[in-house]
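> Fold the following for me, if possible:
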Amino acid sequence: MLDPLKRRDFLQASAVLGLGAGLGPEARAITPRTPEMAVNPNAVRLRPEIEPVVRWIEETPRDRILEVAITKLKGGLSYNELMAGLFLAGIRNIKPRPVGFKFHAVMVIHSAHLLGQAAAVDERLVPMLWALDTFKASQATDVKEGDWTLGPVDEARLPKAWNAKAEFEMAMDAWDADAADTAIVAFSRHHGAAEVMETFWKYAIRDQRNIGHKAIYTAQCWRTLQAIGWQNAEPVLRSLAFALLDRQGAKGTDVVGPYVENAAFAKDIPQEWIAGTGNDSSASLLDALRSAAPGAIGGELVKSLKAASGPEPLWDGILKAANELLLRKPGIVALHAVTSINALHYIFGAAADETTRKTALLQAASWCTMFRDAIGDAAKLRIDALEPADVPKAPDEALADIFATIGKSRDEAARKTLAFLGSGGTDEAVFAAARRMIFLKGRDSHDFKFGAAAWEESLLASTPQTRSILTAAMMGNLPASTTADSPLMIRARVASKSVLG
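Residues are numbered from 1 along each chain as shown. As a prediction, the model looks like this:
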């Protein structure tokens, strides 16, 4: 838990934040909207109970958004309403093409939510308040780039309810965004959430274009809707379909990555693949992932599954390989090896269709080799050969040493983390410290996306040894304790504390 701010510090930070009377009963009125923030008259209309929340988020200037949010929360706005309003404001106002860049303001919301829910009570609002500011920045960027808005659907063109699923699949197969837009509306209105998302899963995993963001966005859509309610799904799914059909100027229906090859490999996986014998094949797969071609690595997984290894050790091997890339060459490309494979792993767990699940596993291995090729020359570090490095015996001192070391050497910090875990330290203690670093110093959506994804994968590891490796590898992208505190995060922390009174 962060140390409480002294009253003087709180008041000084409040002045910087501009909370002023917003912290007391004489809350100021919302600043009138400026023309560039007015809702487009041709924008899709949302449910009447959430439309007012979305509008004040859209229309409040960035320099007052935290103040207004605090006023609303003190006036009875629920956390769930704030999260729903923020997500839908992003859906309506930010173009999901390319799936990345400014659109991270939408994709990061569930990650911020996860990190907040794991935090102490007085910090749980911090990530969501940070995400509010991030949305305002992306909204301004979108205005400069043409002011895209999700418009109303053409009701006259909706297919019949009983044809909607088939027409949606035909549109997605043909990369026809207009047909997909009307079909998904009818599909989502007349069919259940599980059936609709089952159809989306197979399209989320087919195309690695834009370094895996299509899979990430699909997983984040479903996870966010689970938190805010399926009643909000229609505009979200329209945005998602539009995003998945982005070809970035390419012609035809070709996908990026060996999807066709892996779909063929999936047919060769035996029906008993899901059981396995507990045999740990992660080491051999990790070694294969260091050199195999993207279109061939699926064959190695098929061999392992035919030998009854089961999928869990294979996920361990893939995630070790992804995190090895991050330690070899920290940066935006290797980071997405972790976050996109986390999305594929989530889809693997969420999907019901066996072919989709098999293909998600095979795609994860192939994408990992594609990320390997994309980072090019890098240190020849082997994650399974990392030796623990000395750390102080006291747990607090050890963690302080680890996070200070990040600023000097990320792989050395990983080695110190292994030593900490090997001497009785816990993964939970490492993550608590990691979350604090993100809350203090986070400046980018990737800090939140990575933190949530990396911690989730550590928890899902099938062996203690893999879990320790994945926990240590988080040092490849976490902020160092020597990094300057983020001014925005300071403001968000102050604002969060003010809600609690």
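> Just list what the helix or strand where residue 368 lies packs against, helices and strands only.
Secondary structure assigned from DSSP states H and E places residue 368 in helix 354-375. The criterion is 3 or more C-beta pairs under 8 Å, 6 or more residues apart in numbering; DSSP states H and E, and the helices and strands that helix 354-375 contacts are helix 193-204, helix 259-266, helix 282-289, helix 297-306, helix 311-328, helix 332-350. C-beta: built from backbone N, CA, C; applies to glycine.
> Run through the neighbouring helices and strands of the fifth one.
In this structure, helix 311-328 makes packing contacts with helix 282-289, helix 297-306, helix 332-350, helix 354-375, helix 410-422, helix 445-460, helix 464-473, judged by 3+ C-beta pairs under 8 Å, 6+ apart.
> go on, the longest one?
For helix 332-350, the elements it packs on are helix 193-204, helix 213-228, helix 311-328, helix 354-375, helix 445-460, judged by 3+ C-beta pairs under 8 Å, 6+ apart.
> hmm, back to that, could the helices and strands packed on helix 311-328 be laid out in TSV, adding mean neighbour count and distance to residue 57?
Formatted as TSV, the helices and strands packed on helix 311-328 follow (neighbours: other C-beta atoms under 10 Å; distance: least, C-beta to C-beta, whole Å):
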stretch	mean neighbour count	distance to residue 57
helix 282-289	20	43
helix 297-306	22	44
helix 332-350	23	25
helix 354-375	24	34
helix 410-422	22	36
helix 445-460	23	17
helix 464-473	22	36
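> Need the pLDDT of the spatially most central residue of the chain.
With the centre of the chain defined as its mean C-alpha position, the nearest residue by C-alpha atoms, centre = their mean is residue 449, 4.3 Å away. Looking at residue 449, its pLDDT stands at 98.
> what's near enough to touch the nearest residue in space to it that is not next to it in sequence?
Taking C-beta to C-beta, 6 or more residues apart in numbering as the measure, residue 449 lies nearest to residue 111, with 4.7 Å between them; neighbours along the chain are not counted. For residue 111, the residues meeting the contact criterion (C-beta atoms under 8 Å, 6 or more residues apart in numbering) are 127, 220, 445, 448-449, 451-453.
> Over to residue 129?
Contacts for residue 129 (C-beta under 8 Å, 6+ apart) come out as 66, 69, 491-492, 495-496.
> quick one: which of those residues sit in helices?
66, 69, 491-492, 495-496 (DSSP state H).
> Can you tell me which of these is nearest residue 303?
Distances from the ones in helices among the contacts of residue 129 to residue 303 were compared by C-beta to C-beta; the smallest belongs to residue 492, at 49.4 Å.
> follow-up on the earlier one: hmm, residue 109 and the residue nearest to the centre of the chain touching each other?
No: in this structure, residue 449 sits apart from residue 109 without contact. The criterion is C-beta atoms under 8 Å, and the distance is 10.2 Å.
> who touches both of those two?
With contacts defined as C-beta under 8 Å, 6+ apart, no residue is adjacent to both residue 449 and residue 109.
> Please give the number of neighbouring residues around residue 64.
By the other C-beta atoms under 10 Å criterion, the neighbourhood of residue 64 contains 18 residues.
> Pull up the gap between it and residue 452, please.
According to C-beta to C-beta, to the nearest Å, residue 64 stands 28 Å off from residue 452.
> now residue 294
Distance check for residue 294 against residue 452: by C-beta to C-beta, it reads 27 Å.
> tally of neighbours for residue 178?
By other C-beta under 10 Å, the burial measure for residue 178, its neighbour count, is 12.
> Can you add distance to residue 463, pLDDT and neighbour count and give the ones in helices among the contacts of residue 129 back as TSV?
Supplementary listing: those in TSV, determined by distance: C-beta to C-beta, whole Å; pLDDT from 0 to 100; neighbours: other C-beta atoms under 10 Å:
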residue	distance to residue 463	pLDDT	neighbour count
66	43	95	26
69	43	96	26
491	42	85	22
492	37	87	26
495	42	82	26
496	37	83	25
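> circling back: could the helices and strands packed on helix 332-350 go into JSON lines alongside distance to residue 100?
Converted to JSON lines, those look like this (distance: least, C-beta to C-beta, whole Å):
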{"stretch": "helix 193-204", "distance to residue 100": "15"}
{"stretch": "helix 213-228", "distance to residue 100": "5"}
{"stretch": "helix 311-328", "distance to residue 100": "18"}
{"stretch": "helix 354-375", "distance to residue 100": "15"}
{"stretch": "helix 445-460", "distance to residue 100": "10"}
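> which stretches of the stretch 401-501 of the chain have low pLDDT?
Within the stretch 401-501 of the chain, the set of residues satisfying pLDDT under 70 comprises 501.
> thinking again about what came up before, just the closest of the ones in helices among the contacts of residue 129 to residue 175, please.
Sorting the ones in helices among the contacts of residue 129 by how near they are to residue 175, with C-beta to C-beta, puts residue 69 at the top with 38.9 Å.
> Where in the protein is the helix or strand with the lowest mean pLDDT?
One helix or strand of the chain scores below all others by mean pLDDT, DSSP states H and E: helix 7-17, with a mean of 34.
> burial count for residue 49?
The local packing count at residue 49 equals 10, with neighbours defined by other C-beta under 10 Å.
> meant to ask about residue 77
Using other C-beta under 10 Å, residue 77 is surrounded by 16 other residues.
> and the residue nearest to it when sequence neighbours are not counted, what element?
Excluding its sequence neighbours, the residue lying closest to residue 77 (C-beta to C-beta, 6+ apart) is residue 53, at 7.1 Å. When elements are assigned from DSSP H and E, residue 53 belongs to helix 51-59.
> In terms of secondary structure, what does that helix contact?
Using 3+ C-beta pairs under 8 Å, 6+ apart as the contact test, the elements touching helix 51-59 are helix 65-74, helix 79-93, helix 126-144.
> before we move on, the earlier item: in a markdown table, list the contacts of residue 129 along with distance to residue 227.
A markdown table is the format used below for those (distance: C-beta to C-beta, whole Å):
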| residue | distance to residue 227 |
| --- | --- |
| 66 | 21 |
| 69 | 18 |
| 491 | 24 |
| 492 | 20 |
| 495 | 21 |
| 496 | 19 |
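> Can you name the two of those that sit furthest apart?
By the measure C-beta to C-beta, the contacts of residue 129 have their two most distant members at 69 and 491, which lie 11.3 Å apart.
> Quick check: the residue nearest to residue 77 touching residue 79?
No: counting by C-beta under 8 Å, residue 53 sits too far from residue 79 to count as a contact (11.8 Å).
> Those two: which has the busier surroundings?
A count of neighbours by other C-beta under 10 Å puts residue 53 above the other of residue 53 and residue 79, at 21 against 16.
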